[in-house]
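>>> Quick one, what's the 3D model for this:
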Amino acid sequence: MKKTVYVCPIKGDDKYDGLSERLPVRSIARAREIALKTKADEIRMFARSTSSWMTEEPAKENRTS
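Numbering: from 1, shown residues only. Predicted coordinates:
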């Protein structure tokens with residue numbers, strides 16, 4: 001099962017853990033920190049223009065640390 005970190009600049013808060021669509025973080029920087037810490041497989045960002053989630057895979061060099 002893939003581990004995902006969610007980002008939403010509208011409803012997100014960097015105090016959240018970002019590990020569910022219901023509690024996304026606000027910034028990509030915070031999502032990358034969480035992805036590195038939790039060894040997440042992907043970061044999903046809410047795109048306001050399309051009202052949907054977009055996926056980004058964290059850099060592999062960050063995941064092996």
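
>>> Partner strands of the helix or strand hosting Arg44, with direction?
Using DSSP states H and E, Arg44 sits in strand 42-47. In the sheet, strand 42-47 lines up against strand 4-7 (parallel), strand 52-56 (antiparallel) (DSSP bridges).

>>> ok, of those strands, where does mean pLDDT dip lowest?
Note on the strands paired with strand 42-47: strand 52-56 shows the lowest mean pLDDT, a mean of 63.

>>> What residues of the strand holding Arg44 count as buried?
Within strand 42-47, the residues that count as buried by 16 or more other Cβ atoms under 10 Å are 43-46. From N, CA and C alone the C-beta is placed, and that goes for glycine too.

>>> ok, now stretch 20-29?
For stretch 20-29, by 16+ other Cβ under 10 Å, it's 24-26.

>>> Reformat those residues as CSV; add distance to Cys8, pLDDT and secondary structure.
Conversion of the buried residues of stretch 20-29 to CSV gives the following (distance: Cβ to Cβ, whole Å; pLDDT from 0 to 100; DSSP: H, G, I helix; E, B strand; the rest coil):
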residue, distance to Cys8, pLDDT, secondary structure
Pro24, 4, 96, coil
Val25, 8, 97, strand
Arg26, 7, 95, coil
